[in-house]
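Asker: just to be clear, the model below is a prediction. Sequence and coordinates:
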Amino acid sequence: MHIEGSKYQRGIGSGVVIFKGRDIIARKKMKLEDTCSKKQPKLVAIHKTLEEIVLLNRERISPVTAIIYTDSRVSLDLLRKAKKQSFLVEVIRKQLASLEKREWRIKFSWVNAHPGTLGK
């Protein structure tokens, strides 16, 4: 899974591309409010990716291990820190805990930001 979230002149958005092997099995684009902070689009993309995993699992597409690639070290650091964070970070932590209870292993991998990169 490769996520993206950015603030552009046209507005703020997030995107998710989910692969199974080399095949794209899901894509999602989200338009966000102009009041979002710089880090919120990336966190929204992670949140929506985890929601998509749950939906795909209902259709029995369950790789049990999912890797989420992001170029946002800030998001990864926020998720790793032990102290309580923003509402969205806490929602993501609850999603991760719920998936782990269902025996999913969710891994995060930082990738260098590069235009045109579709996952790894």
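Answerer: The structure has been received and is ready for your questions.

Asker: tell me how many other residues crowd S37.
Answerer: The number of residues packed near S37 is 11, by other Cβ atoms under 10 Å. Using the backbone N, CA and C atoms, a C-beta is placed for each residue, glycine as well.

Asker: go on, A45?
Answerer: A45 is flanked by 28 other residues according to other Cβ under 10 Å.

Asker: element containing it?
Answerer: Here A45 sits within helix 40-58, counting by DSSP states H and E.

Asker: and that helix, C-alpha only, in CSV?
Answerer: Taking Å, rounded to 0.1, in the frame of the first residue of the first chain, the C-alpha atoms of helix 40-58 are listed here in CSV:
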residue,chain,number,x,y,z
GLN,A,40,-3.2,15.6,8.5
PRO,A,41,-3.4,14.5,4.9
LYS,A,42,-0.8,11.8,5.4
LEU,A,43,-2.6,10.6,8.6
VAL,A,44,-5.9,10.6,6.8
ALA,A,45,-4.4,8.4,4.1
ILE,A,46,-3.1,5.9,6.7
HIS,A,47,-6.5,5.9,8.4
LYS,A,48,-8.3,5.3,5.1
THR,A,49,-5.8,2.6,4.2
LEU,A,50,-6.6,0.7,7.4
GLU,A,51,-10.4,1.1,6.7
GLU,A,52,-9.8,-0.3,3.2
ILE,A,53,-8.0,-3.3,4.7
VAL,A,54,-11.1,-4.1,6.8
LEU,A,55,-13.3,-3.9,3.7
LEU,A,56,-11.0,-6.1,1.6
ASN,A,57,-10.9,-8.6,4.4
ARG,A,58,-14.7,-8.9,4.2
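
Asker: what helix or strand is the residue nearest to L50 when sequence neighbours are not counted on?
Answerer: Leaving aside its chain neighbours, L50 sits nearest to Q95 (4.2 Å; criterion: Cβ to Cβ, 6 or more residues apart in numbering). Assigned by DSSP H and E, Q95 belongs to helix 87-101.

Asker: what lines up beside the helix or strand following that helix in the sheet?
Answerer: Per DSSP H and E, the first helix or strand lying C-terminal to helix 87-101 is strand 105-110. According to DSSP bridges, strand 105-110 forms sheet pairs with strand 65-70 (parallel).
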